[in-house]
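Trainee: Fold the following and give me the result.
(one chain, ligands or ions: 1)
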Amino acid sequence: MADKEQKTLFSGIQPTGNIHIGNYLGALKNWVDLQEQYRCIYSIVDLHAITIDQDPKKYQEQIMETAIDILAIGVDPKKATLFVQSKVTQHTELAWMFNTLTPMSELERMTQYKDKSQDHKENINVGLFDYPVLQAADVLLYHAEVVPVGEDQLQHLELSNMIGRKFNNKYGNFFKQIKPVITAGARIMSLTEPDKKMSKSKGEKNYIAIRDSAENIRKKVAHAVTDTGPAVEGKKSLGVNNLFELLSLFSDEKTVAKFETQYNQKTIKYSELKKALAEAIIMTLTPIQKRIKEIETNPKKVKAILDKGAKQAQVIAEKNMADIKKKMGL
Ligand code: TYM
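Mentor: As a prediction, this is how the structure comes out:
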């Protein structure tokens, strides 16, 4: 612990069920890799996810499932803090304060808000609009400086930095600027609509969940679209590009090089590329799924990890909130 850089890292994931390989490659894999290097705080952001309808009877189960998946992927409670957002009330308290610093026009620009209000016309609530302000509060509450996310979250993090700067200008220097961590795999595309990012909301066939059976993975990859996108001479279609990207992230250089050569020589058979990709994904997910099964046998232990995580987070949140209130004259 002593030689850990003292910088704090924060990231969050919504407990909407079915964590997919986009979440894994874009974010969760980095959560694991970075826990040696920083003081890591990871949150299951249940207050964010209720901006879209959730079934209250199933919600606790979904939160537990998300926690189990995160642990199975390799987040280690001895190295990182893992907690459920609603257990630390300062997140919403700080979001309210940040609301008073955030121009409506900035929130109106947010791509995720625009997309989600298109997808959920029946429920365009104020929470959906305000979502990025709560996200800014999540990060800044812990003075986090490092935030690993997928590419779709960059706009939200820019807004967080704007809010931090506004606070500093108005109330005196306090928040540091945050730095997103983006790696290869930060934008994994849908298998069925490769011009859109892989996402739970686009239906079962567009994503591979980390809990999917081998049979299901083979089927989904076999059905992945290869012929859409700009047919620019010599350029891969979006679907094919996505399959190659996934292959490079799940498989080894030799396999990728083999298919690249075949692609260039126009001898490639997509059915073979897909088979190789499906098996590589299965190889990565099998040990994770095995750990999920093990962890599932002991839900009490998972609850204890989350309780302990919430206590650790509360200590930091309370101290920082006291400082923030003082700065604001509250
Ligand atoms: P969420 O739950 O939608 O997604 C969790 C993480 O997965 C990344 N991701 C992807 N990465 C690559 N390709 C994809 N197709 C893909 N789809 C999702 C997301 O970028 C994210 O990193 N607003 C956040 C949760 C959040 C948060 C925070 C994140 C709340 N507060 C504070 C960082 C810091 C979200 O919607 O995640």
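Trainee: Give the buried residues for the helix or strand of the chain with the lowest mean pLDDT.
Mentor: Using mean pLDDT, DSSP states H and E, helix 111-119 stands out as the lowest-scoring helix or strand of the chain, at a mean of 93. By 16 or more other C-beta atoms under 10 Å, the buried positions in helix 111-119 come out as Y113, K116. (Glycine included, C-beta is placed from N, CA and C.)
Trainee: what residues does it touch?
Mentor: If you take C-beta atoms under 8 Å, 6 or more residues apart in numbering as the criterion, helix 111-119 is touched by T51, I52, L107, I124, L128, F129, Y131, P132, D152, Q155, H156, S201.
Trainee: L157 contacts P148, doesn't it?
Mentor: No - using C-beta atoms under 8 Å, L157 makes no contact with P148, being 10.5 Å away.
Trainee: The protein: helices as residue ranges?
Mentor: With DSSP state H, the ranges of helices along the chain come out as 21-23, 29-34, 46-49, 56-73, 90-99, 104-108, 111-119, 126-140, 154-171, 214-222, 238-250, 253-264, 270-296, 299-328.
Trainee: hey, which of those helices is tucked in deepest?
Mentor: When the helices of the chain are scored by mean count of other C-beta atoms under 10 Å, the highest mean neighbour count falls to helix 21-23 (a mean of 25).
Trainee: any bit of it sitting next to the ligand?
Mentor: Yes - using C-beta under 6 Å from any ligand atom, helix 21-23 reaches the ligand at G22, N23.
Trainee: Now find how far off-centre that helix is within its chain.
Mentor: 8 Å (C-alpha atoms, centre = their mean, to the nearest Å).
Trainee: before we move on, back to that, max pairwise distance over the contacts of helix 111-119: which two?
Mentor: Farthest-apart pair in the contacts of helix 111-119 is L107 and S201; separation 20.4 Å (C-beta to C-beta).
Trainee: Could you list the domains of this structure?
Mentor: As given by automatic domain parsing, the domain ranges for the chain are 8-187+299-328, 200-292.
Trainee: if we can go back for a sec, now the weakest link among the helices of the chain, please, by mean pLDDT.
Mentor: Lowest mean pLDDT of the helices of the chain: helix 111-119, a mean of 93.
Trainee: okay, the angle between it and helix 126-140?
Mentor: 150 degrees (axes from the mean of the first three to the mean of the last three C-alpha atoms, to 10 degrees).
Trainee: quick check: angle from helix 111-119 to helix 154-171?
Mentor: 120 degrees.
Trainee: do you know how far L249 is from the ligand?
Mentor: Taking C-beta to the nearest ligand atom, to the nearest Å as the measure, L249 falls 10 Å from the ligand.
Trainee: who's in contact with that residue?
Mentor: Here L249 is in contact with L25, A184, G185 (C-beta under 8 Å, 6+ apart).
Trainee: So which of those residues wins on neighbours?
Mentor: With neighbours taken as other C-beta atoms under 10 Å, the top of the contacts of L249 is L25, carrying 23 neighbours.
Trainee: which one of the contacts of helix 111-119 is nearest the ligand?
Mentor: Relative to the ligand, the closest of the contacts of helix 111-119 is D152; by C-beta to the nearest ligand atom it sits at 4.8 Å.
Trainee: How about the closest one: what's its closest non-neighbour residue?
Mentor: K197 (6.1 Å; C-beta to C-beta, 6 or more residues apart in numbering).
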